[in-house]
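> Here is a sequence together with a model predicted from it:
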Amino acid sequence: MRQLTMSAKHVAVISHVNPDGDAIGSELGLHHLLPALGFEGHQTLLLPNRVPRNLLFLPDTDLIINPCDQPDACSDALAAADLIFCVDLNNHSRVETLQPALTAAQCPKVLIDHHHDPQEDAFDIVFSYPDISSTCELTLWIAEALNPNSMNYNAALCLYTGMCTDTGSFAYSNEQPSLYEAVARTMKFDIHPAWIHNQLFCSESIAHTRFLGFCLNERMRIFEDYGFSYIFVSDADLKRFGIEPPELDGIVNYTLSMEGIDVGAMIKETFGKVRISFRAKGDFDVNRFAQRHFNGGGHTKASGGTSSLPFDVTVQRVEELLKKELKPSNNQQLIR
Ligand code: 5GP
Ligand code: MN
């Protein structure tokens with residue numbers, strides 16, 4: 001990889017659709033590390049859609065292009081690249097509308113990722129570690145192995161952000177010391193976790209907070225005896241509250257906030273498309289569940305998928321499948 005990076009003239013870095021902190025953090029983190037890894041050429045940063053508002057504070061988000069605003073520039077950059085880094089995705093299909101251009105690109109493709117079941121034959125070099133906390137942590141260790149002095153303030157800020165968001169602010173089951181060692185590496189560069197936390201989690205609009213209340217009151221069903229709950233929101237709900245699809249990120253986590261509820265889902269209709277996010281805090285493997293039933297995947301405790309069925313039918317299907325796979329401890333009781 002060192003040779004490839006040093007000899008490349010035009011690198012493209014791309015991550016997954018509906019990018020989160022780990023996707024954008026690893027893309028921008030790598031971008032800020034590449035010069036110290038011996039890359040002196042031109043970089044194009046791509047994402048399948050726009051950067052969400054709460055991640056715009058990351059340095060150089062303005063350099064990222066997307067096919068909604070610049071479709072030709074995206075496919076041209078992928079065709080012109082002599083090296084492509086795919087970060088935080090396990091499959092070409094995860095770049096959605098950019099998939100044909102990514103697959104058609106003839107240059108070497110490097111995968112840096114921590115999702116399960118990578119499409120290994122679609123990449124030339126594969127760094128796939130499903131047990132690591134985040135792609136940002138993995139990127140940090142790869143960069144450090146290539147050049148122990150490669151870290152800098154901008155990269156540290158981006159990589160810290162992804163490690164923070166993908167671990168639920170260091171709350172999910174991360175029992176590996178390496179995460180905290182990686183965090184310590186970034187902290188040497190004057191990173192301020194409280195400031196980052198405010199940018200990430202305390203910068204929502206008033207409409208968003210009202211909408212969250214609506215979701216919890218009117219759009220959440222809790223099946224206490226099965227140990228799951230789900231939230232469902234339609235295009236009409238989003239329109240009523242003036243909410244953009246990226247603002248839905250994070251709301252699914254409220255499905256797990258209750259004692260005894262170990263599996264959660266959020267069914268989202270956006271622009272007529274139906275997507276589902278799954279979360280778990282017990283043993284239930286939501287990666288397999290999303291793979292089996294919703295053409296998706298991700299991690300054992302956080303996954304997503306899609307449905308081609310209408311929104312209402314999908315809501316019923318999610319409910320029925322979860323009831324089938326999660327045994328009731330007693331008589332099923334619908335609280336809301
Ligand atoms: P989210 O629910 O936040 O969209 O996604 C949770 C996790 O599952 C993320 O790591 C995301 O990359 C992954 N994920 C979401 N949707 C899909 C999908 O359709 N396919 C695959 N392979 N992974 C997904
Ligand atoms: Mn990730």
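That came through, no problem. Ligands and ions are numbered 1, 2, ... in the order given.
> Which residues of the stretch 101-250 of the chain lie near ligand 2?
135, 166 (CB under 5 Å from the ion). Every C-beta, even on glycine, is put in place using the N, C-alpha and C of the backbone.
> ok, now with 8 Å
Applying CB under 8 Å from the ion, one finds that the stretch 101-250 of the chain approaches ligand 2 through 113, 114, 115, 134, 135, 136, 162, 166.
> Show me which of the residues you listed is closest to ligand 1.
Ligand 1 has its nearest neighbour among those in residue 115, at 6.0 Å by CB to the nearest ligand atom.
> any idea how far that closest one lies from residue 303?
Using CB to CB, to the nearest Å, one gets 9 Å for the distance from residue 115 to residue 303.
> what do those two both touch?
Counting by CB atoms under 8 Å, 6 or more residues apart in numbering, the residues touching both residue 115 and residue 303 are residue 297.
> quick one: which of the two has more around it?
When neighbours are counted by other CB atoms under 10 Å, residue 115 and residue 303 differ, and residue 303 comes out ahead with 25 against 21.
> Secondary structure class of the more buried one, three-state.
Assigned by DSSP: H, G, I helix; E, B strand; the rest coil, the conformation of residue 303 is strand.
> Would you mark the buried spots in stretch 48-58?
Buried residues in stretch 48-58, counted by 16 or more other CB atoms under 10 Å: 48, 49, 51, 52, 54, 55, 58.
> mind putting the residues you listed in TSV, secondary structure included?
Conversion of the buried residues of stretch 48-58 to TSV gives the following (three-state DSSP):
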residue	secondary structure
48	coil
49	coil
51	coil
52	coil
54	helix
55	helix
58	coil
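> Could you point out which of those residues is nearest to residue 92?
Looking at the buried residues of stretch 48-58 and their distance to residue 92, the nearest is residue 48, at 11.3 Å (CB to CB).
> Pretty sure residue 66 is one of the things the closest one touches, is it not?
Yes. Using CB atoms under 8 Å as the test, residue 48 is close enough to residue 66 to be in contact (6.6 Å).
> And what about residue 230, helix, strand or coil?
Bear in mind the rule, three-state DSSP; under it residue 230 is strand.
> same deal with residue 253?
With three-state DSSP as the basis, residue 253 sits in helix.
> Model confidence score at it, please.
pLDDT for residue 253: 95.
> now swap in residue 332 and tell me
What the model reports for residue 332 is a pLDDT of 45.
> circling back to that earlier point, taking the residues of the stretch 101-250 of the chain next to ligand 2 one by one, which sit in helices?
Counting by DSSP state H, the members of those that fall within helices are 135, 136, 162, 166.
> ok, the closest residue to residue 108 other than its chain neighbours - contacts?
With CB to CB, 6 or more residues apart in numbering as the criterion, residue 108 has its nearest non-adjacent residue at 4.2 Å, and that residue is residue 124. The contact partners of residue 124, taken as CB under 8 Å, 6+ apart, are 108, 109, 110.
> Count the residues that sit near the first one.
So the one you mean is residue 108. 16.
> how much space between it and ligand 1?
Applying CB to the nearest ligand atom, to the nearest Å, one obtains 23 Å for the distance of residue 108 from ligand 1.
> Check the last one too.
If you measure residue 110 against ligand 1 using CB to the nearest ligand atom, the figure is 18 Å.
> so how many other residues sit close to that residue?
21.
> Could you double-check that it lies in contact with residue 125?
Yes. Look at residue 110 against residue 125 with CB under 8 Å: they come within range, at 4.5 Å.
> Phi, psi for the closest residue in space to residue 150 that isn't next to it in sequence please.
Once flanking residues are discounted, residue 150 sits nearest to residue 36: 3.7 Å by CB to CB, 6+ apart. When quoted as degrees, to the nearest 10, the phi and psi of residue 36 stand at phi -70, psi -10.
> if I pick residue 36, what's in contact with it?
Remark: with contacts taken as CB under 8 Å, 6+ apart, residue 36 is in contact with 143, 147, 149, 150, 151, 152.
> Domain map for the protein?
Domain segmentation of the chain under automatic domain parsing yields 2-200, 206-325.
> residue ranges of the strands in this protein, please?
Remark: strands of the chain, listed N- to C-terminal, are 10-14, 42-46, 64-65, 83-87, 109-113, 125-128, 220-223, 228-233, 263-270, 273-280, 297-298, 302-307; assignment by DSSP state E.
> Return the most buried member of these.
Among the strands of the chain, the stretch with the highest mean neighbour count (mean count of other CB atoms under 10 Å) is strand 83-87, at a mean of 26.
> Thank you kindly, that will do.
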